[in-house]
Every structure is written in C-alpha cells, then in structure tokens.
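Visitor: pasting the sequence and the predicted model now:
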Amino acid sequence: NAGVTQTPKFRVLKTGQSMTLLCAQDMNHEYMYWYRQDPGMGLRLIHYSVGEGTTAKGEVPDGYNVSRLKKQNFLLGLESAAPSQTSVYFCASSYNADRDTDTQYFGPGTRLTVL
Amino acid sequence: QQPVQSPQAVILREGEDAVINCSSSKALYSVHWYRQKHGEAPVFLMILLKGGEQKGHEKISASFNEKKQQSSLYLTASQLSYSGTYFCGTESVHDRGSTLGRLYFGRGTQLTVWP
C-alpha cells in the first residue's frame, strides 16, 4: 500500500494564479482532511470530508475549495492564489472516526510558494 | 479549541528524559500524539482515550488526566532518533457527537537530542 500520497511535492505560483492539489489514499478510508502548516502555528484544518461527495469547512477555509468525487481522492483548489497561502499543505485520512482507536495518517506534504 | 503544548522546545543529551504536556480548555475525548521530522509528514505515535489510561510505545509513553484535561508524553533514555517536533491533537467530548474525527493540534514542541 502506498498510504496517503500528494501531488505535486513542490509548486511556485504567481499571485492570482490557480491550482489544484491532489490527495490520494489506498487504504479505503472514509475520512479525509486538508491542513496547512506554517512555522510556529502547528497544523490548521482547512476542509475535511466524511465520505464521498461530502465536504465541510475547518478552521481556515477562506480562499480554498475542495471536492471529493471519489472516495480515494480529495482535491484542494486555490482559485486565486495569494502570498498568505504560502505554506506546507498536508493531507490526512482516517478509516472511520466512529472507532475509538482510529487516528489520522498523513501524506508527505506539498510545499507551495506564492510570489 | 487549540490545545496548549509546553514546553515549546527541549534540548537533551542522549539518555536523558523529557516530558511534553498538552492541555485543553475543553473536556477531552481523545488525545493523539505525533512526531514530525524536519521536512517530513507527522507520524502517529499513540492515542489515548477518555478514561485516564496510560500507554507505552518502546521508551515513549503517555498519560491522560481527564480531570485536568491534560495529556503528557514521556520520553525516557532519549535517543538521537527522538529528535523532531512533537504534536498533540485533541478531540473534545463535545465535538465527538458532532464532528467525528476532527482534531485540533497544538503548536508543537521541538525536541533536540545531542550525542
């Protein structure tokens, strides 16, 4: 199993450009999450999904959109990139949060720079 | 809802012990501990559930004090490989009923082990 994978690993954008980050998992997990990580801030939740076709806002959703058309994929979109969105983006997934012992497994991250 | 971690940074010699604390203002259902090496994804260490249990993982263990709404991570006889940033992720009792699986992460504790 590859686990959680993210594409691309690195990206540089100019202000106003758009892009989509792809997260894929092969563990048949129901729940998927997008976080951003900035120095000294920890991990902050952008959006998450509790199943195919469903999405919900996290702590810092502004400027981002998501879609979960297939269970194994979770896409994060930036319609008009801003320098404030320069960050490292992590995707995570969990099997089913109904189970007490379930936790989140993280992808390798995407380092995004917006000039 | 973000938990507070202390200390922010720890510097140790190999073989020394360390304690990292994670405190919440909310009644906690679960606490998840992760370690992140520089430039890598967070890696799951262990989960503690409401009930105040203590768990162990090699020479790394943790406790969960429900009354104090706090968890502590214990690293004994530290090794060079323990270096990294440790994060706690918390799920509150309140959120358990409405936002299953959603975790709030602390800002992290940077642990450096010197030979």
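Guide: All right, it came through fine.
Visitor: what about chain B, any weak spots by pLDDT?
Guide: B:52-58, B:97-100 (pLDDT under 70).
Visitor: list the contacts of the closest residue to chain A within chain B.
Guide: Per C-beta to the nearest C-beta, B:Gly101 is where chain B lies closest to chain A, at 2.8 Å. In this view, the C-beta of every residue, glycine as well, is placed from N, C-alpha and C. Each residue near B:Gly101 by C-beta atoms under 8 Å, 6 or more residues apart in numbering or on different chains is listed here: A:31, A:48, A:50, A:94, A:97, A:102, A:104, B:91.
Visitor: chain A: strands as residue ranges?
Guide: Applying DSSP state E to chain A gives strands spanning A:4-7, A:10-13, A:19-25, A:31-38, A:42-49, A:56-57, A:65-67, A:73-78, A:87-94, A:105-106, A:110-114.
Visitor: ok, and what's touching the first one?
Guide: I take that to be strand A:4-7. Counting by C-beta under 8 Å, 6+ apart, A:21-25, A:27, A:89-93, A:105-110 sit against strand A:4-7.
Visitor: quick check: neighbours of it in the sheet, parallel or antiparallel?
Guide: strand A:19-25 (antiparallel) (DSSP bridges).
Visitor: and the residue lying closest to A:Lys14 once chain neighbours are set aside, how many neighbours?
Guide: Among residues not flanking A:Lys14 along the chain, A:Leu115 sits closest, at 5.4 Å (C-beta to C-beta, 6 or more residues apart in numbering or on different chains). The number of residues packed near A:Leu115 is 10, by other C-beta atoms under 10 Å in any protein chain shown.
Visitor: same question, B:Leu111
Guide: Neighbourhood size, B:Leu111 [other C-beta under 10 Å]: 21.
Visitor: okay, and it sits in which element?
Guide: According to DSSP states H and E, B:Leu111 maps onto strand B:109-114.
Visitor: sheet partners, orientation included, of that strand?
Guide: strand B:9-13 (parallel), strand B:84-92 (antiparallel).
Visitor: name all residues that make contact with the residue nearest to A:Lys14.
Guide: Contacts of A:Leu115 by C-beta under 8 Å, 6+ apart are A:12-15, A:83.
Visitor: how close does the residue nearest the centre of chain A sit to chain B?
Guide: For chain A, A:Trp34 is the residue whose C-alpha lies nearest the centre (C-alpha atoms, centre = their mean; 2.6 Å). If you measure A:Trp34 against chain B using C-beta to the nearest C-beta, to the nearest Å, the figure is 12 Å.
Visitor: can you tell me which residues contact that residue?
Guide: Neighbours of A:Trp34 in contact, by C-beta under 8 Å, 6+ apart: A:21, A:23, A:45-48, A:58, A:64, A:66, A:74, A:76, A:89-91.
Visitor: closest to B:Leu111 among these?
Guide: Closest approach to B:Leu111 among the contacts of A:Trp34 (C-beta to C-beta): A:Phe90, at 19.9 Å.
Visitor: neighbours of the closest residue to B:Gln8 other than its chain neighbours, how many?
Guide: Closest residue to B:Gln8 apart from its sequence neighbours, by C-beta to C-beta, 6+ apart: B:Thr109 at 6.3 Å. Per other C-beta under 10 Å, the neighbour tally for B:Thr109 reads 22.
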